[in-house]
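Undergrad: model the following, please.
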Amino acid sequence: SPIYAHYLRNPEEFPSRKELLLMIIMYMEAFESHGYRYGTIDYYYKPPPSIDEEIPLDIESLMHTDFDVLPLGISGYGFINQTRYMNHLDLQAYYDAIDRGVLPIARFYSLPDDDLIRLNLMYSLRYDNVNVHEFKKRYGVDILDYFADTFRHLQEKELVEIDGDKVKMTYLGRIYSEEVFTYFVSERVLRNI
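TA: Got it, this is the predicted structure:
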């Protein structure tokens, strides 16, 4: 990506690992003290107020892939109908596509069920709403069995907590969430990388 190329040319312009971790901890504390919920390492959200008390928002039954994600701008990525796609990384290619009147999509691929399970699990962990029963209902798998070895390892490292059918990232796990999620990436995706 352009940002990574910039980093390779001028690494001194970027924070050190220690500074990066300190910034993560500082904004985690600041956002959460104001009622925001952890989404990703660079994304927080505030739960919406209930519009109709008779029909409350049931975030526990929702999964990341239940929503269409439309990418905006260079390198934006989206998700529609089990298809993940990404906009051009190069600014000139992005603008050329727009000038031709076509979507600036650089690549796309459909996700098999195994990758959907993994993607939904990673996002569910990010939002602290892993619903073991919903995974079983949708995909016919018990994620606690499906990822038993991975969860055991992450528990030993104190990065996740499992209590019955509840799975949560620990405070430490949230700090290192990007590293934690690498354990859930499929072999298929790793080969494509």
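
Undergrad: now do the SS call for residue 162.
TA: Of the three states, residue 162 takes strand under DSSP: H, G, I helix; E, B strand; the rest coil.

Undergrad: tell me who's in contact with it.
TA: By C-beta atoms under 8 Å, 6 or more residues apart in numbering, residue 162 lies in contact with 144, 151, 155. Just so you know, the C-beta spots here come from the backbone N, C-alpha and C atoms, and that holds for glycine as well.

Undergrad: now it: how far from residue 147?
TA: Using C-beta to C-beta, to the nearest Å, residue 162 is found at 11 Å from residue 147.

Undergrad: sorry, back to before: closest one to residue 183 out of the contacts of residue 162, please.
TA: Of all the contacts of residue 162, residue 151 has the smallest distance to residue 183: 9.1 Å, by C-beta to C-beta.

Undergrad: show me which residues of the host helix or strand of residue 27 are buried.
TA: Using DSSP states H and E, residue 27 maps to helix 17-33. Across helix 17-33, burial judged by 16 or more other C-beta atoms under 10 Å covers 24, 28, 31.

Undergrad: and the residue nearest to the first one when sequence neighbours are not counted, how many neighbours?
TA: With sequence-adjacent residues excluded and distances taken as C-beta to C-beta, 6 or more residues apart in numbering, residue 24 is closest to residue 175, at 5.7 Å. Applying the criterion other C-beta atoms under 10 Å, we find 17 residues in the vicinity of residue 175.

Undergrad: next, the contact list for residue 175, please.
TA: Counting by C-beta under 8 Å, 6+ apart, residue 175 makes contact with 21, 24, 25, 28.

Undergrad: worst-scoring helix or strand of the chain, pLDDT-wise?
TA: Least confident element among the helices and strands of the chain, by mean pLDDT, DSSP states H and E: strand 43-45 (a mean of 57).

Undergrad: and after that one, which helix or strand comes next?
TA: Downstream of strand 43-45, the next assigned helix or strand under DSSP H and E is strand 77-80.

Undergrad: how about the residue nearest to residue 76 when sequence neighbours are not counted, what does it touch?
TA: What sits nearest to residue 76 in space, not counting adjacent residues and going by C-beta to C-beta, 6+ apart, is residue 87, at 4.7 Å. For residue 87, the contact set (C-beta under 8 Å, 6+ apart) comprises 71, 73, 74, 75, 76, 77, 94, 104, 105, 106.

Undergrad: any idea how far residue 111 is from the first one?
TA: Read that as residue 71. Note on residue 71: its distance to residue 111, by C-beta to C-beta, is 16 Å.

Undergrad: and of the contacts of residue 87, the nearest to residue 15?
TA: Looking across those and measuring by C-beta to C-beta, the closest to residue 15 is residue 75, at 20.6 Å.

Undergrad: how many neighbouring residues does the closest one have?
TA: 17.

Undergrad: state the pLDDT value of the residue most central in space within the chain.
TA: Closest residue to the average C-alpha location of the chain: residue 123 at 4.6 Å, with C-alpha atoms, centre = their mean. Looking at residue 123, its pLDDT stands at 85.
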